[in-house]
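Undergrad: model this:
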Amino acid sequence: MVSLEPPPPVHPARATKTLSLPEAMALVPSEAFVALGGLWFQNNPSAAVHELIRQGTGGLTIVAAPPSSYAVDLLIGAGAVRTAYLAHVSFDHLGMAPNFRRAAETGSVEIIDGDEALILGGLMATLEALPHHPVHSVKGTDLLHRSPLSGSPAAAGRDVLAAPVAMRPDICLLHAQEADVYGNVRYDGTPFCDPLLAKASRKVIVCVDRIVDNAEIRRDPHRTVIPGYLVDAVVETPYGAHPCASQGRYAHDEKRLAAYIAAGRSAAQWRSEYLEPYVLQPRSSDQYLAAVGGAAHIERLASEVS
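TA: Modelled structure (predicted):
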């Protein structure tokens, strides 16, 4: 007797999303709109930014959750940025961000500034599939009148002070602690604004200190912060946030960051003392690690977070 029941569905095997760092950064074209994850010295996508610069990717528009530091300043100093949507860029207690400051003062980069709520409001509008997202927090500031991020007064309406226009980056670059080959991402600390940046972007590339087995991800599903369906590529890059910190793994390298700032007294000095020896000359993450003292040096930083 012929069965009339339909055959069981065939589920194609999930495809791995692991790429090498050069392969992943080749997905970022020049003139793309790039979102940079992390917050201040935490979880900067440093290795990804190094590789972007080595590949000569330029003309970028960038956005970063405030406050930002190393990744933003490095891209600006390398001449890779045309426009930047930013609220705060500095190296906290270590001092000003030298390349950002120079670019803002000379006008070499179009700096579109706003407060945190305006920038995140533009990303929220994208998540909500709305042209604008209401923001109330700029009352009493001149950002309402001078920042392009404040949006249209007509769109804001009588009871809403600002309505940032929806912001949709082409590529989001993140650093996290763990992921599986399918792009399920885990953080050992707070993810800050990384999930918002990931959800608002068209493509997401995540560098992680360690790739773990999918069985481990499934044993603790509540620890998955960014699910694999949002991620287009995952790259295993041990110590990939250095000289910044990877939460729960290693602290930021204060001496290296201080030397970065000191080199930034002039554009020429910064290029010869930092960009050339630590970004352009190393042709891989391993060569970069060797240039900064090797894994043993960063493991000593790890003792500061244990």
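
Undergrad: could you pull out the helices in this structure for me?
TA: For the chain, applying DSSP state H gives helices covering 21-25, 46-54, 70-77, 98-106, 116-127, 143-146, 153-156, 194-200, 214-219, 254-263, 267-270, 285-291, 294-302.

Undergrad: could those go into a markdown table alongside distance to S90 and mean neighbour count?
TA: (Each C-beta comes from the backbone N, C-alpha and C, glycine too.) Formatted as a markdown table, the entries for those read as follows, by distance: least, Cβ to Cβ, whole Å; neighbours: other Cβ atoms under 10 Å:
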| stretch | distance to S90 | mean neighbour count |
| --- | --- | --- |
| helix 21-25 | 26 | 19 |
| helix 46-54 | 17 | 25 |
| helix 70-77 | 9 | 26 |
| helix 98-106 | 8 | 19 |
| helix 116-127 | 14 | 22 |
| helix 143-146 | 18 | 15 |
| helix 153-156 | 30 | 14 |
| helix 194-200 | 20 | 21 |
| helix 214-219 | 36 | 13 |
| helix 254-263 | 10 | 17 |
| helix 267-270 | 16 | 15 |
| helix 285-291 | 24 | 16 |
| helix 294-302 | 21 | 15 |
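
Undergrad: lowest-confidence stretch among those?
TA: The stretch with the lowest mean pLDDT among the helices of the chain is helix 153-156, at a mean of 52.

Undergrad: isn't V28 up against T57?
TA: Yes - counting by Cβ atoms under 8 Å, V28 sits close enough to T57 to count as a contact (5.7 Å).

Undergrad: number of nearby residues for G248?
TA: Using other Cβ atoms under 10 Å, G248 is surrounded by 14 other residues.

Undergrad: so it touches T190, yeah?
TA: No - at 10.3 Å, G248 does not count as touching T190 under the criterion of Cβ under 8 Å.

Undergrad: still on that earlier bit, quick one: closest of the helices of the chain to T237.
TA: Ranking the helices of the chain by distance to T237, with Cβ to Cβ as the measure, places helix 46-54 first at 4.5 Å.

Undergrad: next, the angle helix 70-77 makes with that closest one.
TA: Relative orientation of helix 46-54 with respect to helix 70-77: 10 degrees, computed using axes from the mean of the first three to the mean of the last three Cα atoms, to 10 degrees.

Undergrad: what's next to helix 46-54, contact-wise?
TA: With contact meaning Cβ atoms under 8 Å, 6 or more residues apart in numbering, helix 46-54 is reached by 21-22, 24-25, 28, 36, 70-71, 74-75, 78, 80, 173, 175, 205, 207, 235, 237, 239-244, 275, 279-280, 282-283, 285, 288.
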